[in-house]
Structure formats: C-alpha cells, structure tokens
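Here's a sequence, model it:
(2 chains)
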Amino acid sequence: MVEQKIRVLYIDDELHNLNAFKAAFRRDYDILLAESAEEGRRLLAEHEVPVILSDQRMPGETGIEFFESIKDLYPYSMRILLTGFTDIQAVISAVNLGNIFRYLQKPWDEEEIRRVVQEAYDINQTRVQLIEKNRELEKAYQELDRFVYSASHDMRAPLMSILGIVRLARLDRETPADEHFRMIEESVLKLDVFIRNIIQYYKNNRFEPEHHPVDWAGIVRECVEANRYQRGEEVIECETDVRQEGEFRSDGIKLRLILNNLVSNAIKYSDGHPKIRIAVDSGPERAILKVSDNGVGIAQGDVEQVFKMFYRGTHPNSGSGLGLYIVRDAVTRLHGSVTVRSEEGAGTEFTVEIPNHP
Amino acid sequence: MSGSGGRHAFILVDDNRVDLLVTSRMLHFGGLAREGVRTYADPLEALAEMKAGAEGAGGPVIVLLDIQMPRMDGFAFLDEVCRWPEEVRGRYRIYMLSSTLDADDRRRVEEHHCALGLLSKPIDLDRLRAALGETEG
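Now for the predicted structure:
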C-alpha cells in the first residue's frame, strides 16, 4: 500500500512564499494553500488537516490570531507558526497559551520544516488514535452495561423459576413429583444453553479469524453428528449436499460455530418431525451455505429482529436470544453476509455467504 | 365469595411457561384465586382480551405482569393499558412480577401510573396478600 502523504495547510499573504513552499514540499506533502486566514478557515471546513503552518505577519489577522480562532474547532490539528520578524514576545505568549506547537524562523530551512512537520504529524496521529480508542472503549462499556443487565436477568430468571417450583412442590402434594422435576429440568437446560452461548460469544468476539483450508464435508458431517440427539430418541432427518471446488480458506472454528447455531436452531423450531437440509456450494470466490428447515417459521414482525442481541422470538421454545446474534457476529468477522427467508408455518432458510481467503 | 376462600380473579402475563404454571398453582394452593387463573404467554393476546374483557364482575382483576418479554415488554404493556378509558382500565389492578434486580426497572415501576408495584419472582404469597391489603387467615 502506498503511504499516504501528510496533508499540510500553509497560509501566507505573500504569493511567492506559497509558491516556494509548494515547489519545495509537493513531493512530501499533500499541500493546501491559502492567501488569508479567511481562506484558511474555509479550507479547514472542507478538509481534514493534521498540520497547519501559518505566517505571522498578515494584513487583517495575524497567524497567532488565526490559530486562536481555530483552536477549539480543530483541537487535533497541529499549529506551526512561521515568522520573519522578531516579534518574539507575541510568539512566546502564544506558545505558552498552547495556541501553537512550534514556531519557525523565515526564511525556512527545508530540513527543519520536514522534521517539525513529521513531529507534529506523529503527535496528531497519537491524539487521533487516542480519541478513536476512547470512543471504542466507550462503546464497549455501553455494550457491557447492556450485556450485564441482560445476562444477569437471563441467568437469574431460570434460577428463580426453579426456586418457585421447589416452593410449589412443598405446597402442592397432589401433583406427582416427577412433573416438578421435569419443570426443574427444563429451567436447568435453559440456563445451560445460555451459559454455553455466552462462552461462544466471548470466544468469537475475542479472537481474530485465522484462515486455514476448510473441509466443508467434514464440518457438515461433524455438525450433523453433534446435533443428531438434540431431540433425545427422536430421529432428525437431515439431508446434506456439499459441493467443494478447489481449496477454500477461512476460519474453521467460526464456520463450525455458524453452522452449529443454524442447525440447532432449525431443529429447535421444527414442529413435529424435524427435517433439515444443509447445502454448501464452495467455489474459488466464495462459499454459499444454506440451512433450511420445515419448522414453525419466523413471524413477519420478527424477521428483521432475529439477529439482534437478546432478541427472542415468540415461540415458546425460544432460547437465549444469543444464537443468531452470534451467527451474524461470526459471519461479519469473516467479511461475509447472512440473510433469512421465512414463511410462517412452512419453514425458514438461512443463507450465509463467506468469501474465500486464498 | 366461593367455597375455596379465594377472593380475587387473576390474570398472569409471562412468556415463560414454567413461571406461568408455578405462579398460577401457587395462587391456587395459597387460596388466593377465586377461580381459574387466566394465563397468557403472549402479551398482545392478553391486551386484546383484557380490553375486550368481560371480567371484572366481582371487583377488579389482579394482573401479574412480567417485565422482560419478547415482542412487547412489561412497560410497553403498561403504556398501552394507560391509554385505555378509565372504565376499562379501572377493571384491573396491575402488579409487575419479575426476577429483575435492576434499580432502573424498580424506579420505572414506581413511577408508572398504571402499575401498583413490583413483586419479586418467585411469587411470595404473604407479600402478595399484604399488597392486596389482606391479612393472613
């Protein structure tokens, strides 16, 4: 990749200075020129400028005054003053007020300008990165807040259900104990699914994808095996159709996560006898993975929502609210896409597209 | 009113089937429910039936409402009830019943005009009796 040139704005009322600056540095920098403070402000409004140089002595508005006027608007742009006069007192106070980063004497020394601009740019980049990191951190904290709220509720709810069942069992001597046990079992399994999903989510979120050759047939076979007994004794009919042309490189762990969540979802939401179909078409550019079922489908109002974190459908079997969120998150991390087509009462088909990383 | 000693009619709204079952049986065995407790896993269905509702013949119906539900949470449910005309709204006394520990949830319940209070899951019959202004026995 070509290193991007540093964008530098230079303001000077003397045209020959502007021209000389451009002639000296056009190979080093992406240069913007302005003949007045006014024009400088206009250019700043249109461009992102990490380093600004300005002449001090200009009619109407001095360089220091100009820098003062833009300081709060562009706090991360580094301000360098050029001055040919020894109006040192004004310069000192401007430096002390933090309005300028450096001042350089005119006529300038090219090497010195290069050094100072580079220094200024490095500081600018550090600050910009810091802001960016802070923003990311802020977002992560907000997500964490939401996560803790939802997760604590989702873990506590089944526990409180169990507590309720235990208290009821003491009061209710008519109902056979086995029914209370069955209800406790249901709540325990719900909690277990939730905890497993949290771990999956965490792992998926923390580790960058690694690209290795993928054996689609193997992944699909594994997934079918793993989900075969999800309904206990009940046989799950699963049709697979895997075509792989040439090598496909992607992150096997994330692909397994995606496929597993889609298949276990398909089984969970099937009404009566589950019939699942898994199709893979893996070519040189991308692989297309389709998982379809004969299940209850997704209510029209829910289709847009299913990938949201902690969103649960209206089906009584609805799970942790994390499964499809994890799917979309993993797909995004592999730079792919996932779409869903569903007909209520007839079934649902998820289509995942993953690019090959040769 | 009836021989079983229960004085109140109840409606339960909760997406969790186990909780619906547990709470309704607790109300039954605790002798609070006058008749069969009506349970709804779908808040929208509950709203529709409450609005059309023929109940309320023997005093207000006690509604125990979960907070976290898909499609419509307990607060959206309350907002909807608030929009009803007084003669419909007045047929119900709504309490939230949730396992939440969130201070914000508690505050929102306290501030809501259409909710009478927040009860913790699993339901505590003594607290419910106290809330309904009854004394034991």
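
can you list the residues of the stretch 101-250 of chain A near chain B?
Remark: the part of the stretch 101-250 of chain A in contact with chain B comprises A:149, A:152-153, A:156-157, A:159-161, A:163-165, A:167-168, A:171-172, A:175, A:183, A:186-187, using C-beta under 8 Å from any C-beta of the partner chain. Quick note: C-beta positions are derived from backbone N, CA and C, even for glycine.

now the helices for chain B?
Remark: helices of chain B, listed N- to C-terminal, are B:17-29, B:43-52, B:74-82, B:86-89, B:103-111, B:125-131; assignment by DSSP state H.

actually the stretch 151-300 of chain A, sorry about that
If you assign secondary structure with DSSP state H, counting those that start in this stretch, the helices in the stretch 151-300 of chain A sit at A:177-206, A:216-227, A:252-268.

Just name the most buried of those.
Relative to the other members of these, helix A:252-268 carries the highest mean neighbour count by mean count of other C-beta atoms under 10 Å in any protein chain shown, namely a mean of 22.

low-scoring pLDDT stretches of the chain, where are they?
Reading this off chain A. A:1-3, A:85-86, A:229-234, A:271, A:301, A:309-321 (pLDDT under 70).

my question was about chain B
B:1-5, B:54-58, B:71, B:134-137.

For chain A, what's its nearest residue on it.
Residue nearest to chain A within chain B: residue B:122 (2.9 Å; C-beta to the nearest C-beta).

which ones are touching that residue?
A:160-161, A:163-164, A:167, B:19, B:22-23, B:26 (C-beta atoms under 8 Å, 6 or more residues apart in numbering or on different chains).

which residues in the stretch 1-150 of chain A form strands?
In order along the chain, the stretch 1-150 of chain A carries the following strands (DSSP state E, counting those that start in this stretch): A:6-11, A:29-34, A:51-55, A:78-83, A:102-105.

if we can go back for a sec, for ChimeraX, write the select line for the buried members of the residues of the stretch 101-250 of chain A next to chain B.
The command below creates a ChimeraX selection of those among those that count as buried (16 or more other C-beta atoms under 10 Å in any protein chain shown):
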select /A:149,153,156,157,160,161,164,165,167,168,172,183,186,187
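
hang on, the earlier thing: can you tell me the closest non-neighbouring residue to the residue of chain B closest to chain A?
For residue B:122, the nearest residue in space outside its immediate sequence neighbours is residue A:164; the separation is 2.9 Å by C-beta to C-beta, 6 or more residues apart in numbering or on different chains.

Quick check: the one you found touching residue B:21?
No. With contacts counted by C-beta atoms under 8 Å, residue A:164 stays clear of residue B:21, the gap being 9.3 Å.

quick one on the thing from earlier: list the contacts of the residue nearest to residue B:122.
B:18-19, B:22-23, B:26, B:121-123.

Distance check, residue A:194 against residue A:10.
Distance check for residue A:194 against residue A:10: by C-beta to C-beta, to the nearest Å, it reads 60 Å.

To clarify, my last question referred to residue B:63.
Distance check for residue B:63 against residue A:10: by C-beta to C-beta, it reads 72 Å.

who has more neighbours, these two?
Set side by side, residue B:63 and residue A:10 give different neighbour counts by other C-beta atoms under 10 Å in any protein chain shown, the larger being at residue B:63 (27 against 23).

pretty sure residue A:91 contacts residue A:103?
Yes. Counting by C-beta under 8 Å, residue A:103 is a contact partner of residue A:91 at 5.1 Å.

Specify the residue ranges that define each domain of chain A.
A:6-108, A:207-358 (automatic domain parsing).

So which of those domains is nearest residue A:123?
Comparison of the domains of chain A against residue A:123 by C-beta to C-beta identifies domain A:6-108 as nearest, at 6.1 Å.

Straight-line length of the closest one, end to end?
19 Å (C-alpha to C-alpha, to the nearest Å).

Repeat that for stretch B:104-119.
Between the opening and closing residues of stretch B:104-119 there is a gap of 15 Å (C-alpha to C-alpha).

do stretch B:25-35 as well
Counting by C-alpha to C-alpha, the length from the leading to the trailing residue of stretch B:25-35 is 12 Å.

That stretch: which residues count as buried?
B:25-30, B:32-34.

need the residues of chain B near chain A, please.
Counting by C-beta under 8 Å from any C-beta, the positions of chain B adjacent to chain A are B:15-19, B:21-23, B:25-26, B:29-30, B:41-42, B:68, B:70-71, B:99-102, B:120-123.

Only whichever of those residues are buried, select them in ChimeraX.
Selecting the buried subset of the residues of chain B next to chain A in ChimeraX, with 16+ other C-beta under 10 Å as the burial test, is done by:
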select /B:15,16,18,19,21,22,23,25,26,29,30,41,42,68,70,71,99,100,121,122,123
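
need the contact list for the residue nearest to residue A:244 when sequence neighbours are not counted.
On the basis of C-beta to C-beta, 6+ apart, the spatially nearest residue to residue A:244 that is not a chain neighbour turns out to be residue A:282, at 4.3 Å. By C-beta under 8 Å, 6+ apart, the contact set of residue A:282 is A:214, A:216, A:242-245, A:248, A:288, A:356.

one more time with 6 Å, if that's ok
Residue A:282 makes contact with A:216, A:244, A:248, according to C-beta atoms under 6 Å, 6 or more residues apart in numbering or on different chains.

quick check, nearest of those residues to chain B?
Set against chain B, the nearest of the contacts of residue A:282 by C-beta to the nearest C-beta is residue A:216 (34.0 Å).

My guess is that closest one contacts residue A:245. True?
No. Counting by C-beta atoms under 6 Å, residue A:245 is not a contact partner of residue A:216; they are 10.4 Å apart.

Provide the partner residues of the residue nearest to residue A:244 in its beta bridges.
Residue A:282 has the following beta-bridge partners by DSSP bridges: residue A:244, residue A:287.

Give me the distance between it and residue B:65.
In this structure, residue A:282 and residue B:65 are 50 Å apart, going by C-beta to C-beta.

One more: residue A:30?
From residue A:30 over to residue B:65 the distance is 61 Å, taken as C-beta to C-beta.

Looking at the two, which is more packed in?
residue B:65 (29 against 14).

who's in contact with the more buried one?
Contacts were defined as C-beta under 6 Å, 6+ apart; by that measure residue B:65 touches B:13, B:74, B:94, B:96.

Distance of the residue in chain A positioned nearest to chain B relative to residue B:24?
Taking C-beta to the nearest C-beta as the measure, the point where chain A comes nearest chain B is residue A:164, at 2.9 Å. When C-beta to C-beta is the yardstick, residue A:164 and residue B:24 sit 11 Å from each other.

Same question for residue A:340.
As defined by C-beta to C-beta, residue A:340 lies at a distance of 35 Å from residue B:24.

ok, now residue A:62?
Applying C-beta to C-beta to residue A:62 and residue B:24 gives a distance of 81 Å.
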